[in-house]
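Q: take this sequence and fold it.
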Amino acid sequence: MAMKADLLGYSIGDMELLAVKYGEKPFKGRQLFKWLYNDNLSDFSRMTNLSVSFRKRLSEETRIDIPTAQEKMVSVDGTEKVLFRLNDGKLIESVIIPDGINKTACISSQVGCALGCKYCATGRLGFGRDLTVGEIVGQLLYMRKSHGVEAFHNIVFMGMGEPLLNYDNLIAAIQIISSEIGLSVSAKRITVSTAGIVPQIYKLADSGLKVNLAISLNSPSDAKRKLLMPIARKYNIDKLMEAADYFARKRKKRITFEYILFAGLNDTEEDAMELSKKIKGIPCKINLLSYNPVDGLEYRCPSEEQVNRFAKILYPRAPAVTVRKSRGIDIAAACGQLAGKNMFYKKRSLI
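A: Predicted coordinates for the structure are as follows:
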């Protein structure tokens, strides 16, 4: 017996084609799309504006496979981490971060990661595979099934993986997420975080999607950046800054440079001064974050005083500087700590 087609990840166009295939008008596909993503409904029998014959055919030949959690952990600060086991047994993690009445969903785009950033637990796993469109969107649908429509207000692609290396599925997922009859989350509340895949930054800028961009910078020096992030060997800091400036001006909104501070490595006055020169003229803001410990790594966290000192040197030389507090450290849910139960995958070099 053939495997039922999983509709999770289907676009509006895909749904319209399916409706026509089953002898329905195309607008019935749009209604199906709304039931799945906007109403978060996976029971065909409850999709009452679809004909009985259409619902019967859908039930017989298709499925909606929204992921379920294998494990959930809640931090003392309210951050929630969810471990998903995918159909092929691979694991990914997602995080919900509360901030007053608002919540941010931090979701994954890949199983593991190919970039191998030296400070990142996900990077140590190697690369498993790209997530499908359905697996990306499914993380958010699960969160809404668990917590309702207020489960999150903002979305960041800062979980496991490099989003811009799964570009086509990323864009398809964002289109579903931002559709008014989809998850109905404005693209302006979606942030894509990248380690610096320069060609794809230009491509995202030209895509027409009004998403935000965050770039993991971590050093203004090519030499230091290469020590932390092997991708810097392929795209140097000047090329990255050119791409960042292009995105900010095309998007007409400041981009964010994420800067993790490591004690004795990239937290000196000289680092701050050089950083202010590199970002000069680029519409941007800088988020400073103290390194989050990862078992087996020897990097050290700077003191709070050193972080604040670095910030004071940067501002007002930089347009905007924020010191961001790590969330969910006690459950290994903070930036750089997601490791999906340490399932290791084959390394894949991209440099």
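
Q: and the strands in the protein?
A: Taking DSSP state E to define them, one finds strands in the chain at 5-6, 62-63, 69-74, 80-85, 91-99, 102-106, 110-112, 127-130, 154-157, 190-194, 212-216, 255-261, 284-290, 321-324.

Q: of the ones you listed, which is nearest residue 303?
A: Nearest to residue 303 among the strands of the chain is strand 284-290 (8.8 Å), distances taken as C-beta to C-beta. No exception for glycine: its C-beta is placed from N, CA and C like everyone else's.

Q: parallel or antiparallel, list what pairs with the closest one.
A: Strand 284-290 has its sheet partners listed here by DSSP bridges as strand 255-261 (parallel), strand 321-324 (parallel).

Q: so which of those strands gets nearest residue 223?
A: Counting by C-beta to C-beta, residue 223 lies closest to strand 255-261 out of those; the figure is 16.3 Å.

Q: that closest one to strand 212-216, inter-axis angle?
A: 30 degrees (axes from the mean of the first three to the mean of the last three C-alpha atoms, to 10 degrees).

Q: for strand 255-261, the averaged confidence score.
A: Computed over strand 255-261, the mean pLDDT rounds to 96.

Q: now do stretch 324-339
A: In this model, stretch 324-339 has an average pLDDT of 57.

Q: how near is residue 6 to residue 174?
A: Distance of residue 6 to residue 174, computed by C-beta to C-beta, to the nearest Å: 19 Å.

Q: which secondary structure element of the protein has the lowest mean pLDDT?
A: helix 121-125 (a mean of 83; mean pLDDT, DSSP states H and E).

Q: now that helix: how far from the chain's centre is it?
A: Computed by C-alpha atoms, centre = their mean, to the nearest Å, the separation of helix 121-125 from the middle of its chain amounts to 16 Å.

Q: tell me the pLDDT at residue 204?
A: As predicted, residue 204 sits at a pLDDT of 98.

Q: tabulate the strands of the chain (CSV), appending distance to residue 268 and mean neighbour count.
A: Formatted as CSV, those follow (distance: least, C-beta to C-beta, whole Å; neighbours: other C-beta atoms under 10 Å):
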stretch, distance to residue 268, mean neighbour count
strand 5-6, 51, 14
strand 62-63, 55, 16
strand 69-74, 36, 14
strand 80-85, 33, 20
strand 91-99, 30, 22
strand 102-106, 30, 21
strand 110-112, 33, 26
strand 127-130, 33, 20
strand 154-157, 29, 22
strand 190-194, 25, 22
strand 212-216, 19, 22
strand 255-261, 10, 23
strand 284-290, 14, 20
strand 321-324, 16, 16
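
Q: make a markdown table out of the strands paired with strand 284-290 and add distance to residue 109.
A: Converted to a markdown table, these look like this (distance: least, C-beta to C-beta, whole Å):
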| stretch | distance to residue 109 |
| --- | --- |
| strand 255-261 | 16 |
| strand 321-324 | 21 |
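
Q: between the ones you listed, which one is closest to residue 222.
A: Comparing the strands paired with strand 284-290 by C-beta to C-beta, strand 255-261 comes nearest, at 15.3 Å.

Q: send the alpha carbons of that closest one over as CSV?
A: What follows is strand 255-261, C-alpha atoms only, in CSV (Å, rounded to 0.1, in the frame of the first residue of the first chain):
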residue,chain,number,x,y,z
ILE,A,255,20.2,44.6,10.4
THR,A,256,21.5,43.0,13.7
PHE,A,257,25.1,41.9,14.3
GLU,A,258,25.2,39.2,16.9
TYR,A,259,28.5,39.4,18.9
ILE,A,260,29.3,36.7,21.4
LEU,A,261,32.0,37.8,23.8
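
Q: starting at the chain centroid, how far to it?
A: Put simply, strand 255-261 sits 15 Å off its chain's centre (C-alpha atoms, centre = their mean).

Q: give me the contact list for that strand.
A: For strand 255-261, the external contacting residues (C-beta atoms under 8 Å, 6 or more residues apart in numbering) are 119, 191, 193, 212-218, 244, 247-248, 266-267, 275, 279, 282-291, 301-302, 306-307, 310, 335-336.

Q: relative orientation of that strand and strand 190-194 in degrees?
A: 50 degrees.

Q: what about residue 20, how many neighbours?
A: 13 (other C-beta atoms under 10 Å).

Q: spatially central residue in the chain, please.
A: In the chain, the residue lying closest to the centroid (C-alpha atoms, centre = their mean) is residue 157, at 1.0 Å.

Q: so who does the nearest residue to that residue once chain neighbours are set aside touch?
A: Excluding the flanking residues, the one nearest residue 157 by C-beta to C-beta, 6 or more residues apart in numbering is residue 163, at 4.2 Å. Contact analysis of residue 163 by C-beta under 8 Å, 6+ apart lists 109, 110, 157, 170, 192, 193, 194.

Q: pLDDT and distance to residue 296 for these - can I get that in a markdown table?
A: Shown next, in a markdown table, are the contacts of residue 163 (pLDDT from 0 to 100; distance: C-beta to C-beta, whole Å):
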| residue | pLDDT | distance to residue 296 |
| --- | --- | --- |
| 109 | 97 | 24 |
| 110 | 96 | 22 |
| 157 | 97 | 26 |
| 170 | 98 | 30 |
| 192 | 98 | 29 |
| 193 | 97 | 24 |
| 194 | 98 | 25 |
